[in-house]
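Enquirer: Build me a model:
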Amino acid sequence: MSRPVTIVVIRPEPGNAATIAALHDAGLAARSLPLFVAQALDWTPPDPAEVDALLFTSAQGVRLAGPALASLAARPVIAVGPATAAAARAAGLSVVLTGDTDAAAVVAAARAAGFARLLHLAGRDRVVTDAMIRIVYAAEPIAIPPDTVRDLAGTIVLLHSARAAARLAQLVEDHDVERAAIALVAISAKTAAAAGPGWRAVALAGAPRDDAMIAAARALTRTAATGISGA
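Expert: Below is the predicted model:
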């Protein structure tokens, strides 16, 4: 009898632990392997009078904005995704609009609602928008031992960002791991494209949320056609 297929979570903390917990709650075998660590950066906020609303495309932007955020805390928040919105509310901010697709769509909706001057509090590697930008954090690569990369053979890897997808592809190439031995679940088509071709299977989440990614991963574990065996 084959062992359960392991699902590997490579996103940074604290999202990594949250996804691992959700996988375990769903009865799925999971392994944590963050490829990046998020670190706060110093930044200078603009005059609040020049800002109609804050734009967050990642919960990390909320968590790592630091004390400089205080001067802007009265401004409403435009968030991409429910997790980002939840992080903003937990920080005491008022979320007025939550997008469920991508940054471009939520920016367009915010502008249509009258929020013309958006301030995007973002990571160094970020989704590009036409909002005013302040870089408040950076996700730095973590060194991954070769044997750990090789142990990805036979697993399903969750890809929460295009940058993580590209780094996974590079690590696999650097350590001579066959892409055909690894299946992927990507949060978006753009993220899947960043991983490149040749993987055992690539599934797209039905929505850019953890629950949708977990559902897609579960479907992969049940599909005999993937040919994945337990790792």
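
Enquirer: Phi first, then psi, for the residue positioned nearest the centre of the chain.
Expert: In the chain, the C-alpha nearest the mean C-alpha coordinate belongs to H160, at 3.5 Å (C-alpha atoms, centre = their mean). Geometry field for H160 lists phi and psi as phi -90, psi -10, criterion degrees, to the nearest 10.

Enquirer: check contacts around it.
Expert: Residues counted as contacts of H160 (C-beta atoms under 8 Å, 6 or more residues apart in numbering) are I10, R11, G15, T19, I187, T191, M213. Bear in mind the C-beta positions are built from the backbone N, C-alpha and C, glycine included.

Enquirer: Tell me how the protein divides into domains.
Expert: By the assignment in automatic domain parsing, the chain contains the domains 7-35+143-226, 44-140.

Enquirer: how far does the last one sit from the chain's center?
Expert: Here domain 44-140 shows a centroid-to-chain-centroid distance of 16 Å under the convention C-alpha atoms, centre = their mean, to the nearest Å.

Enquirer: And the longest one, by the same measure?
Expert: Its chain's C-alpha centre lies 11 Å from the corresponding centre of domain 7-35+143-226 when counted by C-alpha atoms, centre = their mean.

Enquirer: What mean pLDDT does that domain get?
Expert: Averaged across domain 7-35+143-226, pLDDT comes to 94.

Enquirer: outside of the longest strand anywhere in the chain, which residues touch it?
Expert: In the chain, ranked by residue count with DSSP state E as the criterion, the top strand is strand 132-141. Counting by C-beta under 8 Å, 6+ apart, strand 132-141 makes contact with 12, 35-41, 43-46, 50-51, 60-61, 64-66, 68, 117-126, 163, 167, all of which sit outside it.

Enquirer: Next, the buried residues of the helix or strand following that strand.
Expert: Toward the C-terminal end, the helix or strand that comes next after strand 132-141 (DSSP states H and E) is helix 146-150. By neighbour count, and taking 16 or more other C-beta atoms under 10 Å as the criterion, the buried residues in helix 146-150 are V149.

Enquirer: can you pull out the helices in this structure?
Expert: The residue ranges that make up the helices of the chain, judged by DSSP state H, are 15-25, 59-63, 82-90, 103-112, 146-150, 162-174, 189-195, 210-222.

Enquirer: what's the most buried one of those helices?
Expert: Mean neighbour counts were compared across the helices of the chain using mean count of other C-beta atoms under 10 Å; the top stretch is helix 59-63, at a mean of 24.

Enquirer: Just the CA atoms of that one, as CSV, please.
Expert: Backbone C-alpha positions of helix 59-63 (Å, rounded to 0.1, in the frame of the first residue of the first chain) are rendered in CSV as follows:
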residue,chain,number,x,y,z
ALA,A,59,-0.5,40.2,4.3
GLN,A,60,3.3,40.5,4.8
GLY,A,61,2.9,44.2,3.8
VAL,A,62,0.6,44.7,6.8
ARG,A,63,2.6,42.7,9.3
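
Enquirer: can you list contacts of that helix?
Expert: If you take C-beta under 8 Å, 6+ apart as the criterion, helix 59-63 is touched by 12, 14-15, 38, 56, 81, 83-84, 86-88, 90-91, 93, 121-123, 136-137, 139.

Enquirer: thinking again about what came up before, helix 162-174 and the longest strand of the chain, what's the angle between them?
Expert: Inter-element angle recorded for strand 132-141 and helix 162-174: 30 degrees (by axes from the mean of the first three to the mean of the last three C-alpha atoms, to 10 degrees).

Enquirer: Mind listing what's buried along strand 132-141?
Expert: Under the neighbour-count criterion of 16+ other C-beta under 10 Å, strand 132-141 has I133, R134, I135, V136, Y137, A138, A139 buried.
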